[in-house]
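Student: predicted model, plus sequence, below.
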Amino acid sequence: MKYILSIAFCFALYTVNAQTDPAPTLRTILLEQLKTTHNVKDWFVPPTIAVAGLTAEQANWKDSSENHSIAQLTTHLIFWNKQTLYKFKGIKPDAFSGDNKETFAPVDEKSWAATVQELDSILTAIEDFVSKVDDDQLAKIASTVAHIGTHNAYHTGQILYIRKMKGWWNDDNGVK
């Protein structure tokens, strides 16, 4: 009997929420994904929280292998998100030789804070674009927008791995 009541209660909650919450749209789903891979903590930590509070020295730390530093991962995210945003807007993207290694750049004490801010600005600009673009254009770029979120989440995981390995992560920020 208890089990049946629990099912009935869950169904009632679902019914109430279904009646009060608007049906998700392509735009709302993509914006949710962009926000959770930008600055909204949900199932995982977003990049703006992942890079917050680091010094340039910490951001540039690399192990002895070919792995990238946090700074390099951040500049890589900035490069590709900016390239994509420019293509969406019909702006000629920055010159690129085609060598992805060029997109992973170190920072210095002066540029690290600006790098963190630029990551936030670019991701905000993509969200703004997706929120305002017409439905036909949104349908055309939807797959690319979904890949932006996946790409950002992938590299954010690498950033968090480095931070946790080095003891630079506060578990209260997520990912315990």
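Tutor: Done, it's in.
Student: and the next element down the chain from the helix or strand of the chain with the lowest mean pLDDT?
Tutor: Sorted by mean pLDDT, DSSP states H and E, the helices and strands of the chain end with helix 2-20, the least confident at a mean of 49. Moving toward the C-terminus from helix 2-20, the next helix or strand (DSSP states H and E) is helix 26-36.
Student: what are the contacting residues of that following helix?
Tutor: The set of residues that contact helix 26-36 without belonging to it, under C-beta atoms under 8 Å, 6 or more residues apart in numbering, is 22, 42-44, 46, 123, 126-127, 130-131, 135, 138-139, 142, 145-146, 148-149. (C-beta placed from N, C-alpha, C; glycine too.)
Student: pass me the low-pLDDT residue ranges in this structure, would you?
Tutor: Low-confidence segments of the chain, defined by pLDDT under 70, are located at 1-19, 176.
Student: buried stuff in stretch 49-62?
Tutor: By neighbour count with 16 or more other C-beta atoms under 10 Å, stretch 49-62 contains the buried residues 49, 50, 51, 54, 56, 58, 59, 60, 61.
Student: in contact with the second one, which residues?
Tutor: Spelled out, that is residue 50. Contact partners of residue 50, counting by C-beta under 8 Å, 6+ apart, are 156, 159, 160, 163.
Student: for the residue positioned nearest the centre of the chain, give me its contacts.
Tutor: The centroid of the chain falls nearest to residue 37 when counting by C-alpha atoms, centre = their mean (2.5 Å). Taking C-beta under 8 Å, 6+ apart as the definition of contact, the neighbours of residue 37 are 46, 47, 123, 148, 149, 150, 152, 153, 156.
Student: tell me which element residue 124 falls in.
Tutor: When secondary structure is defined using DSSP H and E, the element that contains residue 124 is helix 109-132.
Student: fine by me, thanks again.
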